[in-house]
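Student: below: sequence and its predicted model.
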Amino acid sequence: MSALSLYLIGPRGAGKTSVFDALVQTPEGPHFATKGGHRIGIVKVPDARLATLRDLFHPKKYIPAEVAFTDVAFPAHAGESNGFAALNAFLGEADAFAAVIQAYGDSDAEGKPLDPPGHLESLLLDLAMADLEKIERRIDKIRQEVQRGLKQGLPELAVLERCKEAIEAGKALRDVELSEEDRKRISSFCFLSQKPVLVIANTGDDDPTGGGAACTALREACEKAGLRMLSFCAPLEAEIAALPPEDQAGFLADYGLAEPARDRLIRAAYGTLDLISFFTVGEDEVRAWTLRKGSDAVTAAGKIHTDLARGFIRAETVPAEVLIEKKTHAACREAGLLRLEGKGYIVQDGDVIEIRANA
Ligand SMILES: Nc1nc2c(ncn2[C@@H]2O[C@H](COP(=O)(O)OP(=O)(O)OP(=O)(O)O)[C@@H](O)[C@H]2O)c(=O)[nH]1
Ligand SMILES: [Mg+2]
């Protein structure tokens, strides 16, 4: 996996761009690029363990993991699915969505009374409707083939019909239980309602920690939908992110915030997507790698290089905290804390790993 990519989506005027600004703001100004009207900001995943390892090893290169945020530009005349159908191929590339929902003020961008749960519901519906359109088109195509005697599409047709029923019953495809085989049969569609969704409540500066009524209502709706919610006041977070680093913690604390918005969102995304980090260290580089929880040592080796997976012998493994305490691999080995793990070892968050492999 290269950088984890999170796409900011949401109703018109919900605060997507304001949230994006808060995420990409730095004391030197905002960092982002523009592509096809969409704004993309790549940020480093903060990890205190990795920073401490850097200070121990003084590597030539220091390479934290990265997350890419995209502020999706929805077309102005979007039609029924609010642009989701038109942007389907583009949105399909996201690893997950961050759904920005307005939770400040009394009225929404269209001047209607503020209704965060309603906004979330219609956003989720837009995602599902974009999928349904694709599913119906594909079902028609397969049925035509079957009529002409081409039967190989039948297993795919069966899965798609289940998906269609689920959406028509008001479900998201992420809530449909599929076998590994069925999952593969539909993976190329990159269905939008199959992707993990994190909800961001964009609160007012009168409610920086999200305890207000609008946020509470939205939180309840998220719990019902099985979605994780974070809240932040985007303009306030952007202001704090622009301050000199040494001043930021104090301002955050003044508003009752433990961490900047960016860090909270990244942490939540890792949790929702079941991701962990492992590290490689040395004189050349100290680096973080992103891995799905439950992956084995060979998979971790393959992240670094396919040759390392192919020639895998063992993984010399020590938790970052132990290496930080003992300072060197030699000291870890002496204390019997450097483990030799085989192919099937399930990598743990924070493992420092050195792969031994046949060249
Ligand atoms: N008071 C207040 N205003 C906000 C907040 N967040 C956004 N706004 C304002 O709401 C308006 C819309 O915000 P944007 O961030 O542009 O919303 P958007 O979702 O990117 O909008 P589109 O891209 O046009 O769909 C802007 O005028 C913002 O200044 C907030 O937390 N508090
Ligand atoms: Mg915008």
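Tutor: All right, it came through fine. Numbers count the residues shown, from 1 in each chain. Ligands and ions are numbered 1, 2, ... in the order given.
Student: mind listing the strands for the stretch 151-300 of the chain?
Tutor: 197-203, 228-232, 275-280, 285-292 (DSSP state E, counting those that start in this stretch).
Student: in the third one, what counts as buried?
Tutor: Okay, so that is strand 275-280. For strand 275-280, burial by neighbour count (16 or more other Cβ atoms under 10 Å) applies to 275-280. (C-beta placed from N, C-alpha, C; glycine too.)
Student: what of the last one?
Tutor: For strand 285-292, the buried set under the neighbour-count rule, 16+ other Cβ under 10 Å, comprises 286-291.
Student: what angle do it and strand 275-280 make?
Tutor: Angle, strand 285-292 to strand 275-280, by axes from the mean of the first three to the mean of the last three Cα atoms, to 10 degrees: 150 degrees.
Student: partner strands of strand 285-292, parallel or antiparallel?
Tutor: Strand 285-292 has the following strand partners under DSSP bridges: strand 61-63 (parallel), strand 275-280 (antiparallel).
Student: for the last one, C-alpha coordinates in CSV please.
Tutor: The C-alpha trace of strand 275-280 is given here as CSV (Å, rounded to 0.1, in the frame of the first residue of the first chain):
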residue,chain,number,x,y,z
LEU,A,275,-4.3,-0.9,10.0
ILE,A,276,-1.1,-1.1,12.1
SER,A,277,2.5,0.1,11.6
PHE,A,278,5.7,-1.8,11.7
PHE,A,279,9.1,-0.2,11.5
THR,A,280,12.5,-0.9,9.9
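Student: what residues does the closest residue to residue 196 other than its chain neighbours make contact with?
Tutor: Closest residue to residue 196 apart from its sequence neighbours, by Cβ to Cβ, 6 or more residues apart in numbering: residue 96 at 4.2 Å. Applying Cβ atoms under 8 Å, 6 or more residues apart in numbering to residue 96 gives the contacts 4-7, 195-198, 269, 272-273.
Student: and the helices in the stretch 151-300 of the chain?
Tutor: Applying DSSP state H, counting those that start in this stretch to the stretch 151-300 of the chain gives helices spanning 154-168, 180-187, 213-225, 234-241, 245-254, 261-272, 297-304.
Student: can you redo those helices as CSV with distance to residue 57?
Tutor: Putting the helices of the stretch 151-300 of the chain into CSV (distance: least, Cβ to Cβ, whole Å) gives the following:
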stretch, distance to residue 57
helix 154-168, 49
helix 180-187, 39
helix 213-225, 41
helix 234-241, 29
helix 245-254, 23
helix 261-272, 24
helix 297-304, 17
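Student: and residue 68, that's in a strand?
Tutor: Yes: counting by DSSP: H, G, I helix; E, B strand; the rest coil, residue 68 is located in a strand.
Student: give me the number of neighbouring residues for it.
Tutor: Counted by other Cβ atoms under 10 Å, the residues lying close to residue 68 total 18.
Student: give me the pLDDT value at it.
Tutor: pLDDT, residue 68: 96.
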